[in-house]
Structure formats: structure tokens, C-alpha cells
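K.L.:
next come a sequence and a model predicted from it.
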Amino acid sequence: MEAFAGQAGVEKKILQSPELPKIFAQIVENYTAGSPTDESVRWTGLRPLELRQRLKEHNYEVSDYIVHQLLDNAGLTRRSYLKAACLNKVPRRNDQFERIGVLKERFLELGMPVLSIDTKQKELLGNFHRAGQYYDKVHRKVNDHDFKSAAQGLVIPHGIYDVGDNFGYLTLGNSHDTSAFVCDNLAHFWQSDLQWKYPQAEWMLLLCDGGGSNNSRHYLVKEDLWFLAQVLDINIVVAHYPPYCSKWNPIEHRLFAHVHQAWKGAVFHNIQIVKELADKTQTKTGLETKVWINPKQYQTGRKPTTVFTENIHDFVQFDQDLPQWNYSILKQNREFVF
């Protein structure tokens with residue numbers, strides 16, 4: 001009994017260490033995912049044994065009890081099954097998570113922007129039902145079927161989450177989700193806000209998934225980013241999350257989950273309603289949002305230029321270890337060491 005009491009006292013003392021929660025948060029940061037529709041749903045891909053091993057690397061040799069206490073304090077508890085399992089095993093998946101963690105830490109320490117970006121599901125405009133409830137004085141009727149042919153248009157939400165400043169930038173488009181659309185959104189918010197927030201920045205880090213308008217394999221994405229780097233006069237480092245891992249992108253649970261709550265139950269009669277609701281997105285942790293409607297129409301089916309594809313290494317510097325997911329878009333032939 002005395003031995004048990006002594007062990008309990010040691011564990012309590014360890015838990016009271018002011019540095020332990022900070023170190024624990026740093027360890028799980030790159031392995032924490034969340035639902036883009038429910039801010040309360042968060043989980044980590046690291047198991048208790050792995051967490052103990054990583055804490056040991058920081059000179060904290062702890063028990064499973066302490067690990068579970070740290071998980072509970074961080075809001076990372078056991079939950080029912082979620083659609084979060086990878087369909088296929090992705091070679092070097094964890095190596096990429098480690099790489100993203102290193103890049104994020106380096107950029108944040110240097111005071112340079114770390115921007116998590118993604119495009120969410122298109123929303124139909126019109127008298128359509130949407131999940132959730134909304135305060136109103138009367139019961140209102142919506143269409144009994146959500147036929148696209150009955151829509152008055154659509155809205156494409158594209159987000160930029162400033163990791164270092166906990167600030168969200170949301171673009172509402174009504175055309176197509178293309179790489180040009182993404183680059184125009186980045187250019188708009190860089191010129192209106194971010195360049196003044198980061199006046200000394202020579203580099204920005206973009207975190208994104210590997211499909212859609214951010215496709216890690218498409219030359220057109222890289223060419224559009226190269227033109228963006230020239231327009232903004234800034235070098236761009238791009239780090240893609242591995243396939244089936246988009247939920248680990250910070251924007252999913254840091255921005256989109258809260259925007260979804262602001263939209264919950266509302267009927268999107270027009271794009272202005274969508275903007276007004278998104279403008280109100282805030283959290284107790286200080287998240288603020290700025291919303292812009294992008295009216296431009298975008299062409300699909302564009303191809304990269306022959307000059308770019310045949311001379312891509314003159315425009316893009318690929319990581320030597322994980323080139324499929326990491327590269328930098330250079331201006332003035334400046335090099336970035338990964």
C-alpha cells in the first residue's frame with residue numbers, strides 16, 4: 001500500500017510539471033485529426049505506448065495512467081468508430097508527418113506564415129434542406145428533394161487557415177474548383193491582409209492534401225503556384241498530406257468545423273447569406289474569420305505549358321527524400337534546404 005501511495009505521489013508530481021503538457025501537445029500536434037463538421041470530434045493516430053516512447057525521448061518516463069490523463073486533458077479520448085481509417089497502406093506516411101512537423105516548427109520559429117488550405121464540398125443555393133436546426137419564429141418549408149436542376153447556383157468554399165495566428169480566410173466561389181481558383185484566393189488574401197501581417201517574410205509554407213485542386217502529381221498546380229510566387233514576390237514551400245490523410249490537415253478542425261457550425265440548419269437562398277453566416281465564425285480560443293466572394297469564372301481542362309513541363313526543375317525544387325509530397329516554388333533561383 002505504501003509503495004502504491006508513493007507511486008501515486010510521483011505520478012501526481014509529474015502531472016503538475018508545467019512543461020509536460022506543452023511537450024505532449026507538440027508530440028500529438030502532427031498526429032491529431034478532426035471532423036470538418038464537428039469541432040468536438042478530435043482524435044490522434046498515436047497509441048499510448050507510442051506516446052510513452054516519445055515522451056521518454058524528452059526525458060519523461062511515464063506510466064500509461066499519466067498518458068491517459070494527458071489525453072483526457074487534451075480532449076483526446078476514446079470514441080466510437082469514425083470514418084478515419086486509411087483504405088490503403090501508404091508507404092512512408094509517418095515520415096511525411098514528421099517532415100511536416102519539422103517544417104511547421106521551423107517556419108513558426110522564424111515568424112514566417114504557415115497556411116493550411118483546402119476546398120470543401122460544394123453547396124447548392126436555393127430552397128434546400130440542410131442538416132441542423134435554426135432559430136426562427138415560424139416553421140418554414142423547403143424542397144422535398146435536393147435536385148441540382150432546381151438550384152439557383154452553387155457555392156464553393158475554399159479556406160486558408162493561418163496556423164501561427166489562428167485566423168481563417170474563406171473564399172466563396174461559384175464556378176469551378178481549379179488550381180487557378182486556389183491561387184487567386186491566396187493572392188487576394190495575401191495582398192489584402194497577410195503581407196502586412198508578415199512584412200519580412202521571404203517564404204510561406206502551404207499545407208494541403210494531395211488531390212483535387214491541390215493535386216500533388218499535377219504539373220498545372222505547380223505551374224500556377226510558380227506564377228503566384230512571381231506575382232507575390234515570395235518563395236513557396238509546399239507540403240502535401242499523404243493519401244487518405246486529409247483530416248490531419250489543421251484547417252479541417254481548426255476552421256471548417258467552426259464554419260460548419262455557423263452554417264448549420266440555415267437555408268442558402270443566395271451566396272450573400274452564406275457569407276454573412278461565415279463572417280460570424282468565432283471561437284472561445286480566439287479564432288476569427290474573414291470572408292470574400294470570388295466572382296471570377298474558371299476554365300476547366302487547362303493544360304500546363306510545354307516550357308514548364310519540359311523544364312520543371314528550373315521552376316521547382318523537389319525534396320530529395322520525399323519529392324512526391326514536398327517541393328518549393330522558387331523565385332529568383334533561391335534555394336530552400338528541407
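P.N.:
On my side now, so go ahead.
K.L.:
mind naming the longest strand for this protein?
P.N.:
strand 153-162 (DSSP state E).
K.L.:
what strands line up against it, and which way round?
P.N.:
Looking at strand 153-162 with DSSP bridges, its partner strands are strand 114-119 (antiparallel), strand 123-125 (antiparallel), strand 167-173 (antiparallel).
K.L.:
quick check: end-to-end length of stretch 284-303?
P.N.:
Start-to-end span of stretch 284-303 (Cα to Cα, to the nearest Å) is 44 Å.
K.L.:
residues contacting the closest residue to Pro157 other than its chain neighbours?
P.N.:
Leaving aside its sequence neighbours, Pro157 sits nearest to Lys120 (Cβ to Cβ, 6 or more residues apart in numbering; 4.5 Å). Backbone N, C-alpha and C define where each C-beta goes, glycine included. Applying Cβ atoms under 8 Å, 6 or more residues apart in numbering to Lys120 gives the contacts 36, 157-159, 256.
K.L.:
now, among these, which is nearest to Trp248?
P.N.:
Trp248 has its nearest neighbour among the contacts of Lys120 in Pro36, at 11.6 Å by Cβ to Cβ.
K.L.:
is Leu205 within a helix or a strand, and which one?
P.N.:
Using DSSP states H and E, the element containing Leu205 is strand 203-208.
K.L.:
also Ile236?
P.N.:
strand 235-240.
K.L.:
elements contacting that strand?
P.N.:
helix 93-109, strand 203-208, helix 219-232, strand 326-329 (3 or more Cβ pairs under 8 Å, 6 or more residues apart in numbering; DSSP states H and E).
K.L.:
okay, and the beta partners of the nearest residue to Asn214 once chain neighbours are set aside?
P.N.:
Distance criterion Cβ to Cβ, 6+ apart; nearest residue to Asn214, sequence neighbours excluded, is Cys208 at 4.0 Å. With DSSP bridges applied, Cys208 shows beta-bridge pairing to His240.
K.L.:
so which bits of stretch 149-164 are buried?
P.N.:
For stretch 149-164, a neighbour-count test (16 or more other Cβ atoms under 10 Å) marks 151, 154-164 as buried.
K.L.:
for the stretch 101-250 of the chain, which spans come out with low pLDDT?
P.N.:
Applying pLDDT under 70 to the stretch 101-250 of the chain picks out residues 133-138.
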